[in-house]
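> sequence first, predicted model second:
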Amino acid sequence: MGELSVRPHEGRTEATPSPIVNEAAPEANAKQHGTAKRVAGLLKRSLAGLRGQRSPRRPRIWFEVLLIGVSYWLYSLVRNAVPEQKAAALSNADWLWSVERFMGIAVEQSVNHAVNSVTWLIVSMNYYYATLHFVVTIGVLVWLFRRHPGRYAAARLTLFATTAAALAGYYLYPLAPPRLMNGSHFIDTVMVHQTWGSMASGNFKNMSNQYAAMPSMHIGWSLWCGLTVFALASAPWARILGLLYPTVTLLVIVSTANHFWLDAVGGMACLAFGYAVSYAWYGALPHHLPRLIPPKTTRTPRLAALSIHRPKPAASRH
């Protein structure tokens, strides 16, 4: 018997097996895409709602007076409740003074002695240190309340967050002012000239924590005032005063031997933290917010959007 052979027909190509197609895959991908879009939309609406809740509101005078009064009382209470760690504060002062000498900026003692030799000047600085710290800060708050109500809440939050950071600094890093350092030749100008009003020396020294020099809130608050006035005031002379105020304050705190230069750097760092908190809450720095509070709408944006797309009723035929 002959061999049986099978030959493929000429002109025909061998068929290759086709891959198995999962018909359910496109539907699953579509479902996943739809779910992702819904989650993204929900997140977007939630963030929009949070922004709406954090939008500045019109301040109320009675609430602001009460808030500022209670806040300052708590600030004084907490600041003075921090234990006066005298040994640690003096040790930290010696270390900070050595750091400044290493950096070549330890000129506080020379400034202190030079200014103290001019009696009228140092006495004026003593009163400046004791009073303007509060008067100017309250004045800027009142000015914001009346002229920039839309920016008031964000600026106030910056000030409060700055102060809260300072309280943490007083507790974590007790520091003696230069006038209380052991073996130093700094002059306590309030004691020498018997100036009234300072809580740091004289008859009032037992009412205030003497070892809370870092950070300097004289710098933190004065720089907040100066930057606020410089950014929002329209008169050139007011903007110049805004820049001069923290500069003069820096000279005053050093001349009266109440702070080191680096205490001022600590105050600036606290203010930067305060601005960061305000920016995180309101989504903008205070001077970038609207000057006035926008009027409230009676309808939510969602209802307003629905009303735009609502079909008009057909006209009746007679």
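Arrived safely.
> does residue 96 really touch residue 260, like I thought?
Yes. At 5.7 Å, residue 96 counts as touching residue 260 under the criterion of C-beta atoms under 8 Å. Every residue, glycine included, has its C-beta placed from N, CA and C.
> looking at those two, which one has more neighbours?
Looking at residue 96 and residue 260 with other C-beta atoms under 10 Å, you find the greater number of neighbours at residue 260, namely 26 against 22.
> measure the more buried one to residue 230 for me?
If you measure residue 260 against residue 230 using C-beta to C-beta, to the nearest Å, the figure is 26 Å.
> just the strands in the protein please.
Secondary structure of the chain (DSSP state E): no strands present.
> tell me, how many residues neighbour residue 280?
11.
> next one: residue 247
Burial measure for residue 247: 12 neighbouring residues, criterion other C-beta under 10 Å.
> now swap in the one 5 residues further on and tell me
Number of residues near residue 252 (other C-beta under 10 Å) recorded here: 23.
> tell me where this structure has helices.
With helices called from DSSP state H, the chain shows them at 24-53, 61-81, 86-103, 108-116, 119-147, 149-172, 189-193, 217-232, 236-255, 261-282, 301-308.
> need the ones you listed in JSON lines (columns: distance to residue 181).
Formatted as JSON lines, those follow (distance: least, C-beta to C-beta, whole Å):
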{"stretch": "helix 24-53", "distance to residue 181": "49"}
{"stretch": "helix 61-81", "distance to residue 181": "21"}
{"stretch": "helix 86-103", "distance to residue 181": "5"}
{"stretch": "helix 108-116", "distance to residue 181": "10"}
{"stretch": "helix 119-147", "distance to residue 181": "18"}
{"stretch": "helix 149-172", "distance to residue 181": "18"}
{"stretch": "helix 189-193", "distance to residue 181": "14"}
{"stretch": "helix 217-232", "distance to residue 181": "19"}
{"stretch": "helix 236-255", "distance to residue 181": "14"}
{"stretch": "helix 261-282", "distance to residue 181": "13"}
{"stretch": "helix 301-308", "distance to residue 181": "60"}
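> and of those, who's closest to residue 182?
Judged by C-beta to C-beta, the one of the helices of the chain that comes nearest to residue 182 is helix 86-103, at 5.8 Å.
> which strands and helices lie in contact with the closest one?
Counting contacts by 3 or more C-beta pairs under 8 Å, 6 or more residues apart in numbering; DSSP states H and E, helix 86-103 is packed against helix 261-282.
> please list the outside residues in contact with the helix it packs on.
Applying C-beta atoms under 8 Å, 6 or more residues apart in numbering, the external contacts of helix 261-282 come out as 54-56, 96, 99-100, 105, 108, 153-155, 157-163, 165-166, 169, 175, 213-220, 223-224, 250, 253-254, 285-286, 289.
> if we go to 7 Å?
Counting by C-beta atoms under 7 Å, 6 or more residues apart in numbering, helix 261-282 makes contact with 54, 56, 96, 100, 105, 108, 154, 157-159, 161-162, 165-166, 169, 213-217, 219-220, 223-224, 250, 253-254, 285-286, 289, all of which sit outside it.
> which among those end up buried?
Buried residues within those, defined by neighbour count using 16 or more other C-beta atoms under 10 Å: 56, 96, 100, 108, 154, 157-159, 161-162, 165-166, 169, 213-217, 219-220, 223-224, 250, 253-254, 285-286, 289.
> tally of neighbours for residue 263?
As a burial measure, residue 263 scores 25 neighbours (other C-beta under 10 Å).
> contact partners for the spatially closest residue to it that is not a sequence neighbour?
Closest residue to residue 263 in three dimensions, ignoring its sequence neighbours and counting by C-beta to C-beta, 6 or more residues apart in numbering: residue 216, at 4.1 Å. The neighbourhood of residue 216, defined by C-beta under 7 Å, 6+ apart, consists of 253, 259, 263, 264, 266, 267.
> same check on residue 253?
The neighbourhood of residue 253, defined by C-beta under 7 Å, 6+ apart, consists of 129, 216, 218, 219, 259, 264.
> for the residue nearest to it when sequence neighbours are not counted, phi and psi?
The shortest distance from residue 253 to any residue that is not its chain neighbour, by C-beta to C-beta, 6+ apart, is 4.2 Å, and that residue is residue 259. Residue 259 adopts backbone torsions of phi -150, psi 160, taken as degrees, to the nearest 10.
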